[in-house]
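*Asks:* when you get a sec, could you give me coordinates for this:
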Amino acid sequence: MPISFTLDKNIPADLKKINPLIKSIAKKVMILTKSEDESFKIKLALEEALTNAIRHGNKFNPRLKIRVRIKLSSKKALFDICDQGQGFDYRKLPDPTAKDRLYKPSGRGVYLMRKLMDKVEFYQRGQGVRMEKCFSGQ
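*Replies:* Okay, the predicted model is just below:
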């Protein structure tokens, strides 16, 4: 995959720190793909992954870090987000489309990531997630 942009950094578990990063990545995807749809999908999936890492993984502890690795090209986006939390059993997540969960205010993040990305894999007991999106029409 010819790389057009790479990022490998640790960010603090602070929700205020992720918005500029998400906007920057979405803008880069827009430039690379010329697609608002692809840019939106990436923005939403990345926001969910980072928010989950901060909220559920690192429990909002700003001393803990989130490792963010990103590779972008006009053909593909690869994301690897890993927190320092205890992990979770991603195989036992309740279905957010179940009738009794439709009006819950949360619990859709992983579902959305799976719908928006082509590939979503959890590793390290759920501390990390790798996501892949192949861009169509390129």
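*Asks:* doesn't Phe88 lie inside a helix?
*Replies:* No - according to DSSP: H, G, I helix; E, B strand; the rest coil, Phe88 belongs to no helix; its state is coil.
*Asks:* excluding chain neighbours, what is closest to it?
*Replies:* Gly126 (4.1 Å; CB to CB, 6 or more residues apart in numbering). (Each C-beta comes from the backbone N, C-alpha and C, glycine too.)
*Asks:* pretty sure the one you found sits against Arg91.
*Replies:* No - applying CB atoms under 8 Å as the test, Gly126 and Arg91 come out as separate, 9.1 Å apart.
*Asks:* show the average pLDDT along the helix or strand hosting Asp8.
*Replies:* Asp8 belongs to strand 5-12 when assigned by DSSP states H and E. Here strand 5-12 scores 96 as its mean pLDDT.
*Asks:* report the buried residues of whatever helix or strand comes next after that strand.
*Replies:* Counting by DSSP H and E, the next helix or strand C-terminal to strand 5-12 is helix 15-33. Neighbour counts over helix 15-33 (16 or more other CB atoms under 10 Å) mark Ile18, Leu21, Ile22, Ile25, Ala26, Lys28, Val29, Met30, Leu32, Thr33 as buried.
*Asks:* kindly report the same for stretch 29-49.
*Replies:* Buried residues in stretch 29-49, defined by neighbour count with 16+ other CB under 10 Å: 29-30, 32-33, 35, 38-39, 41-49.
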